[in-house]
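Asks: Pasting the sequence and the predicted model now:
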Amino acid sequence: MKVFLDTNVLLDILSDTRPSHADAVTILQVIKKGRLSACLTTQSIIDASYVRTQSAKGSVEQFREAIRTLSAILDVVSIERFDLDAANNCQIPDYEDAAQIACALNNGCDAIITGDRSFGRYTSLPVYSPAAFCNELFSDGASLE
């Protein structure tokens, strides 16, 4: 299974003060163990950089190190022209969400993990919060081991 991680999930991974941090890190551990694969966009990294280093006044070097580590685990993909074309030609009112959803579809993702509840209204892909995805992952009693 391949999942798409939205920007807010990246922020959850990077900040232990966010409510979904533990679930996002659990998902990352499952990805690292090879039980599923995941991608996120370069746009998400840029947006998270702004939030973490400009708005939250975090360390740029810590952010860079975190992204180096994450890019070894996750597929980092670009939002391409055809993703923008799809965003331009759809009815999703949030352009960034539209581009992210198009990118997830065009990269063969099976589900989207996001804290943004509006995603589910705009795509046929299953959409999970980090907590809901963890519940789904471990519903059969499986563990990280």
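Replies: Received, thanks. Residues are numbered from 1 along each chain as shown.

Asks: how about the helices of this structure, start to end?
Replies: Counting by DSSP state H, the chain has helices at residues 7-14, 21-32, 42-49, 60-71, 81-88, 95-106, 130-137.

Asks: of all the ones you listed, which lies closest to residue 124?
Replies: The closest of the helices of the chain to residue 124 is helix 95-106. By C-beta to C-beta, the value is 8.6 Å. Yep, even glycine has a C-beta here, placed from its N, CA and C like the rest.

Asks: still on that earlier bit, and the helices of the chain, which is most packed in?
Replies: helix 7-14 (a mean of 24; mean count of other C-beta atoms under 10 Å).

Asks: quick revisit: got the helices of the chain as JSON lines, with distance to residue 124 and mean pLDDT columns?
Replies: What follows is the helices of the chain, written out as JSON lines (distance: least, C-beta to C-beta, whole Å; pLDDT from 0 to 100):
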{"stretch": "helix 7-14", "distance to residue 124": "20", "mean pLDDT": "97"}
{"stretch": "helix 21-32", "distance to residue 124": "22", "mean pLDDT": "97"}
{"stretch": "helix 42-49", "distance to residue 124": "21", "mean pLDDT": "96"}
{"stretch": "helix 60-71", "distance to residue 124": "28", "mean pLDDT": "96"}
{"stretch": "helix 81-88", "distance to residue 124": "13", "mean pLDDT": "96"}
{"stretch": "helix 95-106", "distance to residue 124": "9", "mean pLDDT": "95"}
{"stretch": "helix 130-137", "distance to residue 124": "17", "mean pLDDT": "95"}
